[in-house]
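Visitor: heads up, no residue letters with this:
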C-alpha cells in the first residue's frame, strides 16, 4: 500500500498534496488517527449512522426523480415507483425502512454516549452537535413521512403542525404560515418536499462539525479515561475500519431482512389509503421512533395557568432540549458508568422509561395508559434534572484504572507493533 | 455478552414499533395458508386468474382498481394475446380527437382498468350514498391485525370479510342500508353480501364455492396490491446470501487483524 501525503511514492500524489493536502488529511484522519484500543461494538453505531445518512440521501435522490409533490398526484406517483419504475420498489423500501433503521442506530449511539459519559468535558460541543443532528433528523423524517400523501401522512402533518397553535397570540398565525393556507394542502406538501430535500444536506454539514469535534480529542472509550500514551491507542486503519465493516455487514443483514421480507412491518397500514381531508382515521399514530415524544406530548395535564396543549408542546421540546444541558447537569467527573455503581443502574431506568413512553404513545390515552404516561414523563425529566446532579454529588465512584492498556491487556502496557507501523499488516 | 444486549435492544425497539394495539370489537380474523406467504412464497397463478374472473364478473360493478393496467395481468400468467383480448372487451374513453370530441374505443393493454363510475358523486348516487373503496391497495391497507405478517394479514381479512355476512343477532340495532358482518369493525358494513357461492363459472372448472371464491379473489387482490412481491423476495435471497458470505469474510479478516491487539 502506498503511503499518502508528502512521503508518497507517486509524483502525482505528491504534486496534488503539495497544493491541496487531501492525502495528508486522509492520512491523519483515517489512517493514523489514534483510537483507543478498547472500543467495544457499541462504538460501531457512529459510523453506521453516517452510512445510513448516505444510504438515505442516495435512495432519496433517485426517488425524487420519479416523485410528484402534488396533492392530487403524490400518492399515485409513489405507487408508480412501486409498480412501474425499475427497482423503484427497492429504492422506496430501502428509504422507507431506512428511516426506521437510521433512528435505531442513532438512538443506540445516543444511549451509548449516555452510558459511557461521552458528553463530558472536553466533548460537550460534540454532544450538542449530536443533539442538533437528532433534531434535524426528526424534522426531516416527519416531513418525509408526509410526502406519500397517505391518510397517516396527512393527519400526522395536521396534528404536528397544529402543535404550534398552542403558542399564545402568534400560534394560529404561525400555523397558517407553515401550511401556506388554512389547512394542510398542496402548498404544505410542496414546501415539505423542498425542505425534506434540503435538510439532509444541512445534516451532512453538522455531521462534518461533529466529526471535527470528535477528532479534536478522539473517541471516548468504555473505561471513560483519557489515553495516556501510544500504548493506549491503535491506528484507526486497519483496526477500526475492519471492525466497522464487519459491524456494517451484520447491520445490513438485519436491515435487508426488513427491506425484502417485511418491508411494511414498521409502517402504518393506513398510509396505503390516499389522504382524505374529510375522513379522520380511527387513530392517528406517529412512526415508532416518535412514540416516546408523542406520549410526553399527550400525557401532560394543565399546569397552573398553562393549558395542557401548550404544556405538552413545551415538554415535547423540553425532552430534547434538556439533552443540550446534560454536560452540566451531570456533576460526576467520572465518565464511564462502569465505575459509577449507582448511575450504572439508574441508566437502565431511563432506558425502561423511554420504552414505557413508547408503548404508551402507541396506545390510546385511556385508563392506566394516562397514569403510566404521566409517571413516565415525570420520571424522564426528574432523571435529567434531579437524578443526574444528585447522583453525581452523592455517588462514590470505583477506583479508575491507571491506563487503558493496563486495564485491557494481560501484559499491561505493551506497545503494539501495529501502533508504530500502521500499514504493515500482513 | 454485549452482543446479546445489542440484539435485545434491537428486538425491543422493533417490537415497540410493530405493536401499536388497536381496539376492534369485531371477531378475530381466521388465519389461512397463502401461496404468497413466507420468504419463498409466490402467487398461485391459477388462483389469481380465478380471482380476477370474480373481480371482473362481480366486484368490478362497484369497485375500481385505478392503479392497475390491463397489461399488468401478464404478471398472473395471462399471455400477451389473452391480455389484448381482455383489454379489447372494454370500452375506454379517449380524446379529444381532431374535432375536439371525446370518443369511445376498445381498450389496449396500456389502458388503466376502466372504473365502474366516472366519479365519486356518481358512485354515491347509485349506491345509497356509499363509496366503494378502490381495491388496488386494499390488502396493504387492511393488514392492521398483524403488520409483521405483511400481505397475508390483509388477505386473511378480505377472505374473512367476504365470508362474514350473517343475520344480525337479536336486539342488534342496524342502521338503514347497512349489512351485518361478523368481521367488520363495528359489524355494520354498507356493502351487501357480494358472494354467496356459484357466482361465477370458473374457466378452469374449479367448483365455485364461497370459500373458494373468497380465497381466489383475496389472492388476486394481494397480487394487485404488490405485483413486485416475487421479485422482491427473489432479490432478497440473493442479497442475503451475498451479505452472509461477505460478513463471514469480514469477520475472519477482523479476527486476523486484531489478533495482536488482544
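Guide: Structure received. Keep in mind that what you see is a predicted model, and the values were worked out from it rather than measured.
Visitor: hey, let's count contacts and neighbours off CA atoms from now on
Guide: Will do.
Visitor: Neighbours of residue 124, how many?
Guide: If you meant another chain, say so; for now it's chain A. When neighbours are counted by other CA atoms under 10 Å in any protein chain shown, residue A:124 registers 18.
Visitor: Chain B was what I was after
Guide: Other residues near residue B:124 number 14, with proximity taken as other CA under 10 Å.
Visitor: Same question for residue B:256.
Guide: If you count neighbours by other CA under 10 Å, residue B:256 ends up with 12.
Visitor: Could you do residue B:204 as well?
Guide: Residue B:204: 9 surrounding residues under other CA under 10 Å.
Visitor: Next: residue A:368.
Guide: What residue A:368 shows, counting by other CA under 10 Å, is a neighbour count of 10.
Visitor: How about the backbone phi and psi for it?
Guide: The phi/psi pair for residue A:368 (degrees, to the nearest 10) reads phi -70, psi -10.
Visitor: Tell me who's in contact with residue B:102.
Guide: Taking CA atoms under 8 Å, 6 or more residues apart in numbering or on different chains, we find residue B:102 in contact with B:93, B:94, B:95, B:96.
Visitor: So for it, what's the pLDDT?
Guide: Listed pLDDT for residue B:102 reads 95.
Visitor: likewise residue A:181?
Guide: Predicted confidence (pLDDT) for residue A:181: 94.
Visitor: Doesn't it lie inside a strand?
Guide: No. Counting by DSSP: H, G, I helix; E, B strand; the rest coil, residue A:181 is located in no strand; its state is coil.
Visitor: How many neighbouring residues does it have?
Guide: 13.
Visitor: Check the average confidence over stretch A:33-42, would you?
Guide: Mean per-residue pLDDT for stretch A:33-42: 95.
Visitor: got the buried residues for it?
Guide: Residues of stretch A:33-42 classed as buried: A:33, A:34, A:35, A:36, A:37, A:38, A:39, A:42 (neighbour count, 16 or more other CA atoms under 10 Å in any protein chain shown).
Visitor: So which of the residues you listed reach chain B?
Guide: residue A:37 (CA under 8 Å from any CA of the partner chain).
Visitor: quick one: which of the buried residues of stretch A:33-42 sit in strands?
Guide: Within these, residues falling in strands by DSSP state E are A:34, A:35, A:36.
Visitor: Now stretch A:68-83: buried residues?
Guide: Within stretch A:68-83, the residues scored as buried using 16+ other CA under 10 Å are A:68-71, A:74-83.
Visitor: Please state the offset of that stretch from the chain centre?
Guide: Relative to the chain's own centre, stretch A:68-83 is displaced by 28 Å; criterion: CA atoms, centre = their mean, to the nearest Å.
Visitor: check whether it contacts chain B.
Guide: Yes. Shown here: stretch A:68-83 in contact with chain B (CA under 8 Å from any CA) through A:76, A:79, A:82, A:83.
Visitor: Would you mind listing what in the stretch 1-150 of chain A touches chain B?
Guide: A:37, A:41, A:76, A:79, A:82, A:83, A:89, A:90, A:104.
Visitor: Can you tell me the closest non-neighbouring residue to residue 180?
Guide: I'll assume chain A. Spatial nearest neighbour of residue A:180, chain neighbours left out: residue A:187 (5.5 Å); criterion: CA to CA, 6 or more residues apart in numbering or on different chains.
Visitor: You answered for a different chain; I wanted chain B.
Guide: residue B:188 (5.0 Å).
Visitor: quick one: secondary structure of residue 201?
Guide: This is for chain A. helix.
Visitor: if you could check chain B rather than the one you did, that'd help
Guide: From three-state DSSP, the assignment for residue B:201 is coil.
Visitor: quick one: contacts for the residue nearest to it when sequence neighbours are not counted?
Guide: Excluding its sequence neighbours, the residue lying closest to residue B:201 (CA to CA, 6+ apart) is residue B:208, at 6.8 Å. Listed by CA under 8 Å, 6+ apart, the contact set of residue B:208 reads B:197, B:198, B:199, B:200, B:201, B:202.
Visitor: Then residue B:70?
Guide: B:83, B:86, B:87, B:108, B:109, B:110, B:111, B:112, B:113.
Visitor: make it 7 Å
Guide: For residue B:70, the contact set (CA atoms under 7 Å, 6 or more residues apart in numbering or on different chains) comprises B:83, B:87, B:109, B:110, B:111, B:112, B:113.
Visitor: For my notes, confirm the third one occurs in a helix.
Guide: No. With three-state DSSP as the criterion, residue B:109 is assigned coil and is not in a helix.
Visitor: you'd agree it is up against residue B:74?
Guide: No. With contact defined as CA atoms under 7 Å, residue B:109 does not reach residue B:74; the gap is 9.8 Å.
Visitor: Compare those two (neighbour count), which wins?
Guide: Between residue B:109 and residue B:74, counted using other CA under 10 Å, residue B:109 has the larger neighbour count: 21 against 14.
Visitor: shared neighbours, residue B:109 and residue B:74?
Guide: Residues touching both residue B:109 and residue B:74 by CA under 7 Å, 6+ apart: residue B:83.
Visitor: Where neighbours are concerned, which of the contacts of residue B:70 has the most?
Guide: The most neighbours of any of the contacts of residue B:70, using other CA under 10 Å, belong to residue B:87, which has 23 neighbours.
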